[in-house]
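> build me a model from this:
(chains A and B)
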Amino acid sequence: MAYVAVKGGEQAILNTHRLISETRRGNQALAELTLAQISAQFGLAVDRVMAEGSIYDRELAALALKQAQGDMIEAIFLLRAYRTTLPRIAASEPVDTSEMAIRRRVSATFKDIPGGQVLGPTYDYTHRLLDFALAAEGLERSQAVVAAAPLDEQVPQVIDLLDSEGLIEEESDDGQEEVFDLTREPMRFPAGRDQRLQNLARGDEGFVLGLAYSTLRGYGHNHPFVGELRLGEVMVEIVPEELGFPVAIAEITVTECQMINQFRGSAEKPPQFTRGYGLTFGHNERKVMAMSLVDRAMRARELGEDVRYPAQDEEFVLSHADNVEANGFVTHFKLPHYVDFQGELQLVRQLRAEHEATREAAQMKEAAE
Amino acid sequence: MSASITTNHNDSGYNFAYLDEQTKRMIRRSLLKALSIPGYQVPFGGREMPLAYGWGTGGIQVTAAVIGPDDRLKVIDQGADDTTNAVSIRRFFETVADVAVTESTEDATIVQTRHRIPETPLKEDQILVYQVPQPEPLKKIDPRETETRKMHAYGEYGAMQVTLYEDIARFGRIAKAYDYPAIVNGRHLMSPSPIPKFDNPKMENNPAIQLFGAGREKRIYAIPPYTSVRSLDFDDHPFEVQSWKGCCALCGSTESYLDEVITDDKGSRMFVCSDTDFCNTRQAEKTATAVADDQASGEEA
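The predicted structure is shown next:
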């Protein structure tokens, strides 16, 4: 008999682990990457992995990237799986981003703003020309000039300037109510804004970017203005029960975007601007801008607008934005499906046989007539 | 910093069966609710597991919640113990729970499965854990959970019956080979997970506890022992299961679900049991009887 039952899955799996470890290391003649190098020189990759992996830990994110050979989604998955095992110690106080130690801050709505426009580190105005000098090692790199005086400690949000005139809707959530926790509770529909923002913050950058793009091209009426985009460090505080007052536990880097959008008003409300909001761990400008657009699009129902396009449909967006979920389900089709396939195969053979029989019967009848 | 990473990533740093006790309690509460309302999908705070979604995250969370140090675990995928993902999940529990594993359906206290129900009938003290990719049988009718939830609440399953009728109108038969919908306990429409419809009758009146876990969708549902499970059909088109003309090429069974194996590039094929434990046991029994017969005939001569 030609057929031998396929055994040895166990051995094959052990071997593939060894092989992937070997492939990851690559050429042994080259120095091995250190976590410090990844964290320092692939900073934006680390930032994305922290944001979507939803743990603020540069070193763990760097390790995940190293282990995943730089595959972002795999690295994000590693962090998420690790995150599950961590105990929940406390929920932080709401973070006040007006107290941010600002490194970059721009507004597209006013030429000059209190606190000033601060370009900070950005690729925005570089020409995307490959810098061949960068290929050389050990060259001295240019250093930026540091301003004589530091920035103000309190930099007001541009959007609050509009607030005082009533031109923009008031922010209704003061952060005092208990927040939905997407990592502990299943998704619920209709979703609150807290659930939507959590989902978007962890959501796949590419997916959220594509959705945001669709709202600008007619699939969801949206014309946005960047009220403010800021990057910098904020303090995270918790209030331990036994102390009763806030204690700072960490300083983290975040990127925040306040998007201003048109709203034509409704029977109850006069025309005014509405908000879209984005915030992530680390430096992720593209992500927070996309996030704030999709956040605004998903507020359609709440604002009495028609829900007609994918980006406005929270069940569609929230169910498909997470790349750990999407990656798992899409790739699971490489698992064996031969039992189901056998069922289908049988069915199609049966249907084809019946189809053929009916056709032949019809032809016979025609010939007889 | 790097020191703290090493300690954090130490294998022994994980709790028994990976999940912490509070999470297991939360899952067990959902399981109890699921058993109390057979076929009803209970939302639970599903966790992110070190396994990809769609690869059995629901199943391993349910198993992790019910497994104890004295259990004997069997894991199958497509009916086989040696398929790669079954091996991977079994190894996961060997690593994080250090439990005894077995390939024998008879000896197992917990069987985690993907796409099959074992051929060997289950017993009262056994638990069958199904991995479920999509718990909502009405999803293909309406992708919105806000709608399907209402349909379940009102027991409004006419639309499902209509889709089956459309098959009959078009093909002359119900064209559904797996994940064949069933009504549990005369009330809730349930997805049996993508098992072939061949296995549907095994769910009915089963002495074992049947638990279903969908990780990505964060839903748990269950069939308590000895519960009615009726596969949807029509009076003039009764439910029927797959059958094969031949028998298993290895053990000769005519009652088991067969896989088709292509044996050469000329398209030759053979059919063998998808349930490897069932097939191996039968082959061993056949050899044993043959040896016994040989010995008996030898003694006679």
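> next, the closest residue to chain B within the stretch 1-150 of chain A: phi, psi?
Taking Cβ to the nearest Cβ as the measure, the stretch 1-150 of chain A has A:Ala81 as its residue closest to chain B, at 3.9 Å. Quick note: C-beta positions are derived from backbone N, CA and C, even for glycine. With angles defined as degrees, to the nearest 10, A:Ala81 sits at phi -70, psi -30.
> just checking, it touches B:Met49?
Yes: if you go by Cβ atoms under 8 Å, A:Ala81 and B:Met49 touch, sitting 6.4 Å apart.
> and the two? which has more neighbours close in?
Legend: neighbour count by other Cβ atoms under 10 Å in any protein chain shown for A:Ala81 and B:Met49, higher for B:Met49 (23 against 20).
> neighbours of the nearest residue to the more buried one once chain neighbours are set aside, how many?
Computed as Cβ to Cβ, 6 or more residues apart in numbering or on different chains, the closest residue to B:Met49 that is not its neighbour in sequence is B:Thr57, at 4.5 Å. Burial measure for B:Thr57: 25 neighbouring residues, criterion other Cβ under 10 Å.
> and the helix or strand bottoming out on mean pLDDT in chain A, what does it pack against?
Lowest on mean pLDDT, DSSP states H and E among the helices and strands of chain A sits helix A:158-163, with a mean of 81. When contacts are defined as 3 or more Cβ pairs under 8 Å, 6 or more residues apart in numbering or on different chains; DSSP states H and E, helix A:158-163 sits against strand A:224-238, strand A:247-261.
> contacts for that helix, please.
Outside helix A:158-163, the residues that touch it by Cβ atoms under 8 Å, 6 or more residues apart in numbering or on different chains are A:98, A:107, A:109-110, A:113-114, A:168, A:170-171, A:227-228, A:258, A:260, A:273, A:275.
> so what's the residue of the stretch 151-300 of chain B found nearest chain A up against?
Using Cβ to the nearest Cβ, B:Ala177 is the residue of the stretch 151-300 of chain B that sits closest to chain A, at 3.1 Å. If a contact means Cβ under 8 Å, 6+ apart, then B:Ala177 has A:Asp340, A:Gly343, A:Glu344, A:Gln346, A:Leu347, B:Pro196, B:Lys197, B:Gln242 as its contacts.
> please flag which of these sit within helices.
Counted as lying in helices by DSSP state H, out of those, are A:Asp340, A:Gly343, A:Glu344, A:Gln346, A:Leu347.
> kindly reformat those residues as TSV containing pLDDT, distance to chain B and neighbour count.
Below are those laid out as TSV (pLDDT from 0 to 100; distance: Cβ to the nearest Cβ, whole Å; neighbours: other Cβ atoms under 10 Å in any protein chain shown):
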residue	pLDDT	distance to chain B	neighbour count
A:Asp340	91	4	18
A:Gly343	92	3	25
A:Glu344	91	5	15
A:Gln346	91	6	18
A:Leu347	92	5	19
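> can I get those residues in JSON lines with distance to A:Ala61?
Shown next, in JSON lines, are the ones in helices among the contacts of B:Ala177 (distance: Cβ to Cβ, whole Å):
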{"residue": "A:Asp340", "distance to A:Ala61": "38"}
{"residue": "A:Gly343", "distance to A:Ala61": "43"}
{"residue": "A:Glu344", "distance to A:Ala61": "42"}
{"residue": "A:Gln346", "distance to A:Ala61": "48"}
{"residue": "A:Leu347", "distance to A:Ala61": "47"}
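> closest one of the residues you listed to A:Gly9?
Ranked by distance to A:Gly9 (Cβ to Cβ), these are led by A:Asp340 at 19.3 Å.
> how about the nearest residue to that closest one, chain neighbours excluded?
Leaving aside its sequence neighbours, A:Asp340 sits nearest to B:Tyr178 (Cβ to Cβ, 6+ apart; 4.4 Å).
> can you give me the helices for chain B?
Using DSSP H, helices in chain B cover B:2-8, B:21-36, B:57-66, B:84-96, B:145-153, B:158-171, B:200-203, B:276-300.
> hmm, the last one touching chain A?
Yes: using Cβ under 8 Å from any Cβ of the partner chain, helix B:276-300 reaches chain A at B:Thr276.
> got the contact list for that helix?
Outside helix B:276-300, the residues touching it (Cβ under 8 Å, 6+ apart) are A:5, B:74, B:76, B:79-82, B:103-105, B:118-120, B:248, B:250-253, B:256, B:272-273.
> residue numbers of the stretch 201-301 of chain B in contact with chain A?
Going by Cβ under 8 Å from any Cβ, the residues of the stretch 201-301 of chain B near chain A are B:216, B:218-219, B:242, B:249-250, B:257-261, B:263-264, B:268, B:270, B:272, B:274, B:276.
> please name the nearest non-neighbouring residue to A:Met100.
A:Gly232 (4.1 Å).
> bridged to that neighbour, which residues?
Counting by DSSP bridges, A:Gly232 is bridged to A:Ile102, A:Val254.
> near chain B, which residues of the stretch 51-200 of chain A? Just list them.
A:59-60, A:63, A:77, A:80-85, A:87, A:183-190.
> now the strands for chain A?
Under the criterion DSSP state E, strands of chain A are mapped to A:101-106, A:224-238, A:247-261, A:274-281.
> for the second one, packing partners?
What it means is strand A:224-238. Counting by 3+ Cβ pairs under 8 Å, 6+ apart, the packing neighbours recorded for strand A:224-238 are strand A:101-106, helix A:158-163, strand A:247-261, helix A:285-298.
> residues contacting the residue nearest to B:Ala97 when sequence neighbours are not counted?
What sits nearest to B:Ala97 in space, not counting adjacent residues and going by Cβ to Cβ, 6+ apart, is B:Ala17, at 4.3 Å. The contact partners of B:Ala17, by Cβ under 8 Å, 6+ apart, come to B:Lys24, B:Thr63, B:Ala64, B:Ala65, B:Ile67, B:Phe93, B:Val96, B:Ala97.
> check A:Gly53 too.
By Cβ under 8 Å, 6+ apart, the contact list for A:Gly53 reads A:Ala61, A:Ala64, A:Ala75, A:Ile76, A:Phe77, A:Leu78, A:Leu79, A:Arg80, A:Arg83.
> repeat that with 10 Å
A:60-61, A:64, A:72-73, A:75-83, A:202, A:281, A:324, B:48 (Cβ atoms under 10 Å, 6 or more residues apart in numbering or on different chains).
> quick one: which of those sit in helices?
Judged by DSSP H, the contacts of A:Gly53 include A:60-61, A:64, A:72-73, A:75-83, A:202, A:324 as members of helices.
> who wins on neighbours among those residues?
Neighbour counts for the ones in helices among the contacts of A:Gly53 peak at A:Ala61, which has 30 neighbours (criterion: other Cβ under 10 Å).
> thought that residue was touching A:Leu78?
Yes: at 9.2 Å, A:Ala61 counts as touching A:Leu78 under the criterion of Cβ atoms under 10 Å.
> find the residues that touch each one of those two.
Residues touching both A:Ala61 and A:Leu78 (Cβ under 10 Å, 6+ apart) are A:Val49, A:Gly53.
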